[in-house]
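**Q** Compute the structure for the input listed below.
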Amino acid sequence: MMYGQLCTEFYDADKNFSPNDEVSFYLQMFSKNDLILEPMCGSGRLLIPLLQAGLNIHGIDNSKAMLESCKKRAKSLNLIPILIESNIEDIFLPEKYDGIIIPLGSLQLFYPREVAFNVLQIFKNHLKPNGKLIMDLFIPWDALYKDNEEEFNTREIKTSDGSIIKSTHHNKANKYEQIISCENNYKKYINNKLTMEEKENMHICWYYRYEVELILEKYGYHNIQCVERFLNGETYMTFIAENS
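**A** Got it, this is the predicted structure:
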């Protein structure tokens, strides 16, 4: 999937840059001599603070809108990030990385699952020997415990230019396939007048802890660890695995 302009504007207005504790975690994982890659870096929620902290990090995303926002936000902080516009499934980069990081469940957006498995192999091919793969995954417990597997919700947010973006989400969970199908609609209003609308369809897959460990082992990762972290108001399983 690819995030559009309205989704990008909503995301930037809704999510602040990564907090200090999230940044500190990666500073403990990597040194300033390491070369790091963040696939699906978006508009730089994490990438920009890591650059500010002195880490050497490249970003990839298939969304032109997200990358343009990342460049703009970085420029305001006198930073010039190295960004690549590409589908993750198609990358073949000249560098090998000491670390690849996928925060806040971004890996779960790959659908069907075979695409995610292929991506794990691609990541492995881009890691140095013993390079680290670090990824946050979440389980949508709320969706699992509801009697009605369909969910509708609406949010609105005010952007920096004073406009209002309203987002409507229709989610349907399949507990047995471990997939949520999402239909999202974004509408932008300026002075109560609808000026732009954008629709988005996506899937969110989820995985359980030991399932993930078996998958990582299958694709050649070792020294696999799983730690629980509270990020962005949610509980995540953070997996740390090394390339063989």
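**Q** On the three-state scheme, Glu198 is what?
**A** When classified by DSSP: H, G, I helix; E, B strand; the rest coil, Glu198 comes out as strand.
**Q** where along the protein do the strands fall?
**A** 35-39, 56-61, 82-85, 97-102, 127-137, 150-158, 164-174, 179-190, 193-205, 221-231, 234-243 (DSSP state E).
**Q** So for Gln5, which of those strands sits nearest?
**A** Nearest of the strands of the chain to Gln5, taken as Cβ to Cβ: strand 193-205 at 6.8 Å. Just so you know, the C-beta spots here come from the backbone N, C-alpha and C atoms, and that holds for glycine as well.
**Q** Average pLDDT for that closest one, rounded please.
**A** What strand 193-205 shows for mean pLDDT is 95.
**Q** and of the strands of the chain, who's closest to Leu214?
**A** Per Cβ to Cβ, nearest to Leu214 of the strands of the chain: strand 221-231, 9.6 Å.
**Q** quick one: pLDDT of Ile91?
**A** The per-residue pLDDT of Ile91 was computed as 93.
**Q** thinking again about what came up before, output the strands of the chain as CSV; include the columns distance to Gln121 and mean neighbour count.
**A** Below are the strands of the chain laid out as CSV (distance: least, Cβ to Cβ, whole Å; neighbours: other Cβ atoms under 10 Å):
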stretch, distance to Gln121, mean neighbour count
strand 35-39, 13, 22
strand 56-61, 16, 22
strand 82-85, 19, 15
strand 97-102, 12, 23
strand 127-137, 11, 19
strand 150-158, 33, 11
strand 164-174, 26, 17
strand 179-190, 21, 17
strand 193-205, 17, 14
strand 221-231, 10, 13
strand 234-243, 11, 19
